[in-house]
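Asks: generate coordinates for the sequence data below:
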Amino acid sequence: LGHVIEVVSGREEGRLIWLGVTHALPRSSQRRLVIDIGGGSTEVIMGRGFEPELTESVQAGCVASSLRFFPNGRITAKRWQRAGEELGVLMQQFAAEYREKDWSEAWGTSGTMQAIASIAAGMGDPANSITRKSLDRMRDVLLRAGSARAVVLPGLARDRRPTIAAGIAVAEALFDALDLDRIGVSEGALREG
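Replies: Numbers count the residues shown, from 1 in each chain. Model (predicted):
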């Protein structure tokens, strides 16, 4: 291609995501929490200003988790429970350290979080935010649908249908592990970092 390709580690990906989000938000000296649910991994970053203090990368993205927990697009209560348990164990590995620190704002970023926020807005929630209650409502709709192909959620783009159940399951596990009730959604992300 005529370009040097650099493969970045999960922690470096987290640092770049942090830079993208913090440059997209108003300046603040308060500690912030940032979550990015990607296709293969999820990054959780905490820091102040332009400096990340904690960065975690777990191998639980929406595509990887779809293949693991919802093969063939089947969404059942048993599969959802298994996803919640296994994802919860992954998140608990670092969650205590994050909970020990106070943060003033929590932000989600990138495609999965933006898709979830779009669905939440379509269900009547404020724009660019995700609440625990909206995640619960989405999960109920997904379980009733039983299949990714049958899912009808307001604001959900057709190309996101195959992976949205896993994205919501990962978000739920993070909300539980980090005791979150609500997060905002930022336009800035890895590309801007």
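Asks: what's the closest non-adjacent residue to the most centrally placed residue in the chain?
Replies: Nearest residue to the geometric centre of the chain (Cα atoms, centre = their mean): Ile37, 3.6 Å. Nearest non-adjacent residue to Ile37, counting by Cβ to Cβ, 6 or more residues apart in numbering: Thr112, 4.1 Å away. (C-beta placed from N, C-alpha, C; glycine too.)
Asks: ok, the one you found - contacts?
Replies: 37-38, 61-62, 160, 163-164, 167, 170-171 (Cβ atoms under 8 Å, 6 or more residues apart in numbering).
Asks: any idea how far it is from Gly2?
Replies: In this view, Thr112 and Gly2 are 32 Å apart by Cβ to Cβ, to the nearest Å.
Asks: please apply the same query to Ser129.
Replies: Counting by Cβ to Cβ - Ser129 and Gly2 are separated by 42 Å.
Asks: who's more crowded, these two?
Replies: Per other Cβ atoms under 10 Å, whichever of Ser129 and Gly2 has more neighbours is Ser129, with 17 against 3.
Asks: need phi/psi at that one.
Replies: phi -150, psi 160 (degrees, to the nearest 10).
Asks: can you tell me how far it is from Gly49?
Replies: 23 Å.
Asks: mind naming the longest helix for the chain?
Replies: Assignment by DSSP state H gives helix 77-99 as the longest helix of the chain.
Asks: chain center to stretch 24-35: distance?
Replies: 17 Å (Cα atoms, centre = their mean, to the nearest Å).
Asks: with only the CA atoms kept, save stretch 111-126 in PDB.
Replies: Only the C-alpha atoms of stretch 111-126 are listed here, as PDB (Å, rounded to 0.1, in the frame of the first residue of the first chain):
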ATOM      1  CA  GLY A 111     -20.300   2.800  16.700                       C
ATOM      2  CA  THR A 112     -21.800   0.400  19.200                       C
ATOM      3  CA  MET A 113     -22.400   3.100  21.800                       C
ATOM      4  CA  GLN A 114     -23.700   5.400  19.200                       C
ATOM      5  CA  ALA A 115     -26.100   2.700  17.900                       C
ATOM      6  CA  ILE A 116     -27.300   2.000  21.500                       C
ATOM      7  CA  ALA A 117     -27.800   5.800  22.100                       C
ATOM      8  CA  SER A 118     -29.800   6.000  18.800                       C
ATOM      9  CA  ILE A 119     -32.100   3.200  19.900                       C
ATOM     10  CA  ALA A 120     -32.500   4.800  23.400                       C
ATOM     11  CA  ALA A 121     -33.400   8.100  21.700                       C
ATOM     12  CA  GLY A 122     -35.900   6.300  19.500                       C
ATOM     13  CA  MET A 123     -37.400   4.800  22.700                       C
ATOM     14  CA  GLY A 124     -37.900   8.300  24.200                       C
ATOM     15  CA  ASP A 125     -34.700   8.900  26.100                       C
ATOM     16  CA  PRO A 126     -32.600  12.100  25.800                       C
END
